[in-house]
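[1] Predicted model and sequence below, questions to follow.
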Amino acid sequence: MSGPLGPDMPIPVPKPRARYKRAAGSLQSQNSVDRDLIYTASPASSTGIHNKGTNDMMLETVVNSAVRLNNPSFSTAIPSQADQNHIQPNVSLSTSDSGLIPSCPEMDCSDSDRFLDRSASSSSPPSSPASDHDSSLLVLPDWTKELGSESSNDDDELIAEVKKACLMNDVVGVVANGQPPVPRVEHMVLQTRPFKLKTPRAATIRVSRKKQGPGSGGGAKAADTSRRESVVSRSSWLDVWKGRRHNVLWATLDGQLVSLWKKRTDKLTDMVFHVSSITEVRKQDKGRFSVYFRKKHFEFMAHSEAVQEGWVTSLLASRGLDPPAPPPQHGALVMKDPRSRVYAAICGHNLWIYSGKENFELGIGTTCVSMNVASVKQTGRHNFSLITPYKTFNFSVESSRELGLWLASLTQVILSALSCSEVAQRLWASPWNKVCADCGCANPEWASVNLLVVICEACAGQHRSLGINVSKVRSLKLDSKVWTEPLIQLFVRYGNKAANQVWGYNLPGAEQILPDASVDQRGDFIRAKYVKGRYRRAHPLASSQRLLNQRLCEVVCSPNVPETMSLLCSGARVLCNTLDPKGPSPIALAEQAGQAMQTELLRHNEYTESPAHAHQKPSRASSTSDLLSAAGEEEFHGKLEEDRFLFSLENDSAACDVLDLREVISIFDRSEGTTYAFEMVTLTEQLVCNADAETVLFIHLLHILKVVLPGPLDEEDLDGVFAVSRVSLREGEGLQHAEVWAVLRGGQVLIYPTDHQRQKERLTLTPDSQYKIDSSENTIELTAGERTMSLQFEQNHSCQTWHTLLKRATVTKRQPRPSLYQLPASSAGTVPPLIERCISHITQYGLKVEGLYRRCGLATKINLLVEALSTSPKTAHLETDEQGLLDIAGALKQYVRKQVLLIPEDHKKLWVEAAAHKDETIRLATYRQLLKKLPPDNRITLHALCGHFYIVQLYSSENRMTAQNLALVFVPTLFQELAMNPNMVRLTRELIIHHTIIFLGQEDESNKVDELITIL
C-alpha cells in the first residue's frame, strides 16, 4: 500500500511483539515529547480515518507518562469490514486535575484476540503507510535505541495488559517520525505501568559463616582475585538473566572472552562469547548492568557497586578488538545427553558449541572445547564422539558426507595442536593426562614419575625446586630411557586422575591455580600440595607408622595401586620390612606377587619423603556460639539451588559467594527448643544456618542431604538426623578401610558407601552400646551387639561433635517426622500402604514437578510400580527424577481407580444431591455428614488423598496444578461414571480447597453442621 488511507479505508491493527520491556514514567521526570507512548481510543458516533489537518490537536500533557517498548516491531494487519464495525477510532477526551480521563464502554472480549497475534518480527523499523493518518497510534521514536532482546520476562503481562485494553475497547497503533497522534475527539487515556525490575530469588534461610583463617586458604583466594582484577581482566559471581531464566554464575573476562561458569571448578562453561560480539554496555542502578548484542541483551547484577563498576569499565575497555576469523567448518549437529539440536563451529584450536544458528551468528556460545585436550572417534554410521578429560560429547549428523567432513576437520585440528613423541601420545591417550595435574594447562610435556602426575613446563620448574626427594621430574620427549612399559601403563591407567584423588582430594575450588598463575602463586600452591600435604587425602592409618608399613606390605601384593599411592602419600616407607625384621621388603613382595606396576611405583618412591602427619589437638566441645565468635563471623542470607548454596548480603540482592555443597564434609543438627539451626562443615569453613520454623529447617536439610549422600535415599532414613559425616570405616582388627558417609539418628547409625556396589548398612544403637574416642587420631570406636567398627573423621571438630551426639542417639527413640498434613489422632481405619508411600514420596520430591498428576507416566513402568508397591510398599525403590515422579503419580492414580472404591455405590446418590445444592455453606456441612457415613478405611483414605492434593495445589505456581486441575484429573477416579457432571467436579474441588474445614473441623463446628442439616 503506497498511498495514504482514505476515510473509507480499513484501520491498520498493530500486532504487539511477544517480548517488550516497560520503563517507568512519571509526570515530573518524563517531560520530553520523544517518548514511547501507547494511546487508547474509545468509540464515538463517527467512523473513518481522518487525515492530518482535519484535527491537529496536540496533547502535550499526554507525553508526560509512557509505556516504553523494547525494540517492538509491528505488522499492520488489515481487518475485515466486519472487524471494522467493532473497532472505531474516534476518541473523546476530557480533562481533570489528575490528568486525562477515559471513557471505556464494554467490548466483546472476542475482539481481544486480534491484539494477541505474536508473530515473528523483523529487526528493522516497521513502515506503515497509514502511520501518518491513523488517529490512534503508538509513538516509537526511540525504538532504534532499544535493542531487541530475548531477555524480557514480561510476555504474560503483555498478554494481560493488551487483553485488558481490548476489553476497554482500546485501539493501538503506530505513529511514524515521533509525532503524537491526531485525535479527532475529546476523550483519550494513557495506560502506564512502572518498569518491573528483575530481582534475584529471595533468600530462604539465615547463614552465619566463620571467616577463613590465615592458614585456611583464604590468602590464596585473595591473591587469585587480585591477580584477575585489572582493566581488561575481571572475575566475580554475578546474577544473570538469560531470557526468563535466572542463574548465579561465576563470570570471568580474560581480555577477549567472557566466560560464565556454574561453579568455579567447572571446566565447561554455561555461556561464553567474544568481546567483539558486544554492541553496547549499559550501566543501571542497584548493581545492574546490561550487555547488548545485535538482537539480544543479557542482564547482570553484581552484589556491590564497586564490582559493577569494575565489570562495566573492563567490558568497555576491551571493546574494539578484531573478531575471530571465520570458522572453516561449521554446521548443525544433534547432541546427545541431553538430546538437543546445536550448532558447532571450529575456531582455531577450539570447537565452539552454540544453542542454535542465531546464537552462532551473534557470537554467543554455550561452551568452547579445546582441541588440545580432545580426541575424536566415529561411534556409528552417522555418529561421532569428542572425548575430553571433563566430558564426552556424542554427536550425530544427517549424512555420511557430513560425518566425513566433521571427522576430517576435527582430526586435522587435533593433529595440528599436537606435535610430540610416542610416549606423550600414549600418556595423552588418557583424557586426564592431557591437562596439567596442577594448573590445567593443555598438552603437558613433563611428568613427576614418583607422584604419577603429568605437568606443564611451568609447573615442572616448581617441582624441580622441591628436590628429588619430593618430586622426580622427567620429560615426555627427551628422557626416553626412564619410560619403561610398566611406568607408561601406570600413567595411562592411573596418572593424573588417581594422583589428584590422593594429593588434591580436599582442594577447595577457590585455591585451584590456573594456567596463567604467576610464578609465586604456582610455587606456593605446589609446595602446599606436595610438601605440606594440605589437600591430600590421608590414609586412615596415617597416625601409626607401624600400621602404615604393615598395610603397605599387604597391598603391594595386589593390583590396588590407588591405595599404595595413598599409603606412600601418608608416609609409608618403601624400605620398611614386614613384622619380621628379616622379612622381605615391599618391593620384594611386589616382585614375588608378579605386580609389575606396583614394583615400578615403589622403585621410584624408594628414597622419597612425604609430608608428616599432623596430629590435631583435641578441642573442647563447641557449641554454636563457640563456633562463630563475634570477631570472626559473617552474616548472610542463603538460598539453595541444586547442588549450590548461594549467599547474599541482603535478602533479595545479588549473590556475593557460592558454596559447592559437594565440599561439605559434615552436617550437625543444632536445634534447641524454639531455635532451629543446623551446622555445615567444609574443609575451610563452618556455617550455621538458622530457620524460623522446623519445617523450613527440614526442607533445607533434606535438600543438602540429597546432594551429599551417595546412592538412592529412602525419605524415612532422613527423619530425625543428628549428624552426617564423611568418614573412613574399618571393622574389627583388619587394616582395610572404606570411605563412607555415616548418618547418626535416634537409635541408629546408617552407613552409605561411596562404592555403589556395596549396600547401605544399618547399625542399631541401644543404651548398652559402647563407644570411645581417640582424639589424637580423630577416631571413634563403636560397638553395637557383636559388631565393632572404627570411624575416622577428617577433622577433630567433627569427631568431638559425634562423640557428644552419640550419647543422645543411644537413648533416643526415633520419632517419624509428621506429614505436611495431619490425620486426626482419633481417626479410625487405615490408609493402604501403597497410597501412604506414594503420597509421602511425592510430597518430599515431586511438589514442584510441572503437570504432576496431569502428565502421563510410562505405562509399563506404572504397572511394575503398582506390583512392587503392592508387594512391599516400604522397601520398593522409588525414583526421584521428574519422569520417575510422574510414574509414581500414575501408579497412585491407577491403584485408586482400579483397586480402591472410595465412595460406595449406595452412597453416590447422596453425594450427587449434596453437590447440587446452591449454597456453599450447606454443601460443605453435608459433605461432613456424608463422610461420617463412610466406612472407616474409606474415610481415612479420602482424607489422606484430599490432604495431599491440598498440599499439591499450594505449589500451583510451579507445578501448574490448581485445585480445579486436580479436581478434573481425579473426579473420574472418585465418581467414575459421574465424572461428566460439573457439580461433581465442583465437589471434588471443594474437598481439596476446604480440606481443613471438611476433614479437620472441630467438634463445636459439628454441632453447627447438625443444625444446618436439620434445616434441610
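    Okay, I see it.

[2] Apart from its chain neighbours, what residue comes closest to residue 512?
    residue 265 (6.5 Å; CB to CB, 6 or more residues apart in numbering). The C-beta positions use only the backbone N, C-alpha and C, and glycine is treated the same way.

[3] wouldn't the one you found be in contact with residue 659 here?
    No: contact criterion CB atoms under 8 Å: residue 265 and residue 659 do not qualify, at 12.0 Å.

[4] okay, those two: which has more neighbours?
    Comparing residue 265 with residue 659 by other CB atoms under 10 Å, the one with more neighbours is residue 659, at 22 against 15.

[5] so where's the stretch 351-500 of the chain shaky on pLDDT?
    For the stretch 351-500 of the chain, the stretches flagged by pLDDT under 70 are 417-421.

[6] any chance you could map the strands in it?
    Along the stretch 351-500 of the chain, counting by DSSP state E, counting those that start in this stretch, strands occupy 364-365, 367-370, 375-378, 383-387, 392-396, 446-448, 453-455, 473-475.

[7] which stretch among these comes nearest residue 888?
    strand 392-396 (29.7 Å; CB to CB).

[8] ok, that closest one: who's next to it in the sheet?
    strand 329-335 (antiparallel), strand 383-387 (antiparallel) (DSSP bridges).

[9] returning to what we had before: so which of the strands of the stretch 351-500 of the chain comes closest to residue 970?
    Once the strands of the stretch 351-500 of the chain are compared by CB to CB, strand 392-396 is nearest, at 41.1 Å.

[10] chain center to that closest one, what's the gap?
    23 Å (CA atoms, centre = their mean, to the nearest Å).

[11] what sits against the nearest residue to residue 447 once chain neighbours are set aside?
    Distance criterion CB to CB, 6+ apart; nearest residue to residue 447, sequence neighbours excluded, is residue 454 at 4.9 Å. By CB atoms under 8 Å, 6 or more residues apart in numbering, the residues touching residue 454 are 427, 433, 436-437, 444, 446-447, 476, 491, 495-496.

[12] top of those residues by neighbour count?
    Ranking those using other CB under 10 Å puts residue 447 first, with 31 neighbours.

[13] which residues touch it?
    Listed by CB under 8 Å, 6+ apart, the contact set of residue 447 reads 427, 453-455, 473-476, 491.

[14] Tell me, please, the helix or strand in this protein that averages the lowest pLDDT.
    Least confident helix or strand, the chain: strand 138-139 with a mean of 34, by mean pLDDT, DSSP states H and E.

[15] Start and end of stretch 704-723, how far apart?
    Its start and end residues considered, stretch 704-723 measures 13 Å (CA to CA, to the nearest Å).

[16] Check stretch 376-393 too.
    End-to-end for stretch 376-393, by CA to CA: 9 Å.

[17] what's it in contact with?
    Contacts with stretch 376-393, where a contact means CB under 8 Å, 6+ apart, come from 267-268, 335, 351, 353, 369-370, 373-375, 394-400, 402-403, 406-407, 410-411, 414, 431-432, 434-435.

[18] returning to what we had before: okay, the contacts of residue 447 in JSON lines with distance to residue 505 next?
    Shown next, in JSON lines, are the contacts of residue 447 (distance: CB to CB, whole Å):
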{"residue": "427", "distance to residue 505": "22"}
{"residue": "453", "distance to residue 505": "14"}
{"residue": "454", "distance to residue 505": "18"}
{"residue": "455", "distance to residue 505": "18"}
{"residue": "473", "distance to residue 505": "23"}
{"residue": "474", "distance to residue 505": "25"}
{"residue": "475", "distance to residue 505": "28"}
{"residue": "476", "distance to residue 505": "25"}
{"residue": "491", "distance to residue 505": "19"}
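
[19] Tell me the one of the residues you listed nearest residue 253?
    When these are ranked by distance to residue 253 (CB to CB), residue 455 comes first, at 27.2 Å.

[20] was I right about the closest one contacting residue 438?
    Yes: the criterion here is CB under 8 Å, and residue 455 meets it with residue 438 at 5.8 Å.

[21] More neighbours: those two, which one.
    Neighbours per residue, other CB under 10 Å: of residue 455 and residue 438, the larger number sits with residue 438, 30 against 26.

[22] which ones are touching the more buried one?
    453, 455-456, 459, 513, 522, 525-526, 529.

[23] in the helix or strand hosting residue 998, what's buried?
    Under the criterion of DSSP states H and E, residue 998 resides in helix 995-999. Judged by neighbour count (16 or more other CB atoms under 10 Å), helix 995-999 contains these buried residues: 995, 998-999.

[24] Quick check: residue 210 vs residue 680, distance?
    11 Å (CB to CB, to the nearest Å).

[25] in the longest strand along the chain, what's buried?
    Looking across the chain with DSSP state E, the single longest strand is strand 721-731. Neighbour-count burial for strand 721-731 flags 721-730 (criterion: 16+ other CB under 10 Å).

[26] Ok, stretch 584-599 next?
    Neighbour-count burial for stretch 584-599 [16+ other CB under 10 Å]: 585-591, 595-599.

[27] End to end on that stretch, go ahead and measure it.
    13 Å.

[28] Can you get me the centre-to-centre distance for it and its chain?
    48 Å.

[29] ok, residues contacting it?
    For stretch 584-599, contacts defined as CB under 8 Å, 6+ apart pick out 486, 489-490, 493, 552-553, 556-559, 561, 564, 574-578, 602-603, 606.

[30] Okay, strands next: where are they in the stretch 201-350 of the chain?
    Along the stretch 201-350 of the chain, counting by DSSP E, counting those that start in this stretch, strands occupy 205-210, 234-242, 245-253, 257-261, 271-274, 280-283, 288-292, 297-301, 329-335, 340-347, 350-354.
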